[in-house]
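**Q** sequence first, predicted model second:
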Amino acid sequence: MDGIERIRNVAPDRRRPLPQHVKHALDYMRGNLGEKITLSTLASACSVPERTLLRQFERFAGNSPLAYLRRLRLNSARSELLRTDCRDKISDIAIRCGFSHLGRFAGDYHQLFRESPSATRQRVSRPCGQTWPRCGCTRARRIPQSLWRACHIGWRCAAAP
């Protein structure tokens with residue numbers, strides 16, 4: 001099972017208190033999301049041996065520190081892609097979030113969110129139901145095709161505002 005599939009929540013379990021070095025590692029990851037972070041740099045930033053950090057992360061967060069970091073980066077990229085005012089290129093967003101391999105970013109993003117980064121961008125940039133059948137929103141899937149009417153742009157949803 002891949003690390004992405006194993007992580008369902010970005011935040012660790014709140015019922016158990018986290019060890020101080022795990023908290024420090026989480027703060028370091030959130031503060032340096034775009035930087036290259038390895039297990040050794042993370043361990044040295046937390047002043048704890050790598051093996052201890054790895055074991056405690058597995059115990060309290062449910063996965064390795066680098067898998068957790070990848071999930072944080074993917075969620076950060078998704079939140080930027082979901083912003084309607086953001087016009088940056090997807091590759092710029094991915095690099096800003098710490099991904100150096102764009103193909104791996106796209107594959108991990110698709111595996112986690114079940115859509116490509118460009119599909120997320122298209123869904124946000126168009127209002128619900130603007131094009132048929134490419135609209136990826138759930139509202140457009142619920143509208144029967146008989147309610148759609150043709151216009152000069154293409155197919156538009158008659159139920160859309």
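**A** All right, it came through fine. Residues are numbered from 1 along each chain as shown.

**Q** may I have the biggest helix by length in the chain exported as CSV, CA atoms only?
**A** The longest helix of the chain (DSSP state H) is helix 65-81. Output in CSV follows, covering the C-alpha atoms of helix 65-81 (Å, rounded to 0.1, in the frame of the first residue of the first chain):
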residue,chain,number,x,y,z
PRO,A,65,7.4,11.8,8.2
LEU,A,66,8.0,12.0,4.5
ALA,A,67,4.7,10.5,3.6
TYR,A,68,3.1,13.0,5.9
LEU,A,69,5.1,15.8,4.3
ARG,A,70,3.9,14.7,0.8
ARG,A,71,0.3,14.8,1.9
LEU,A,72,0.8,18.3,3.4
ARG,A,73,2.3,19.4,0.1
LEU,A,74,-0.5,17.9,-2.0
ASN,A,75,-3.1,19.5,0.2
SER,A,76,-1.3,22.9,-0.1
ALA,A,77,-1.2,22.6,-3.9
ARG,A,78,-4.9,21.7,-4.0
SER,A,79,-5.9,24.6,-1.8
GLU,A,80,-4.0,26.9,-4.2
LEU,A,81,-5.6,25.3,-7.2
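
**Q** for that helix, buried residues please.
**A** 65-78, 80-81 (16 or more other Cβ atoms under 10 Å). All C-beta spots, glycine's among them, are computed from the backbone N, C-alpha and C.

**Q** cool, stretch 117-124 as well?
**A** Buried residues in stretch 117-124 (16+ other Cβ under 10 Å): 117, 119-123.

**Q** so for that stretch, mean pLDDT?
**A** For stretch 117-124, the mean per-residue pLDDT is 85.

**Q** alpha carbons of it, as PDB, please.
**A** Output in PDB follows, covering the C-alpha atoms of stretch 117-124 (Å, rounded to 0.1, in the frame of the first residue of the first chain):
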ATOM      1  CA  PRO A 117      -4.600  19.100 -11.200                       C
ATOM      2  CA  SER A 118      -5.800  20.600 -14.500                       C
ATOM      3  CA  ALA A 119      -9.300  19.100 -13.800                       C
ATOM      4  CA  THR A 120      -9.300  20.900 -10.500                       C
ATOM      5  CA  ARG A 121      -8.200  24.100 -12.100                       C
ATOM      6  CA  GLN A 122     -10.900  23.800 -14.800                       C
ATOM      7  CA  ARG A 123     -13.600  23.000 -12.300                       C
ATOM      8  CA  VAL A 124     -12.800  26.100 -10.300                       C
END
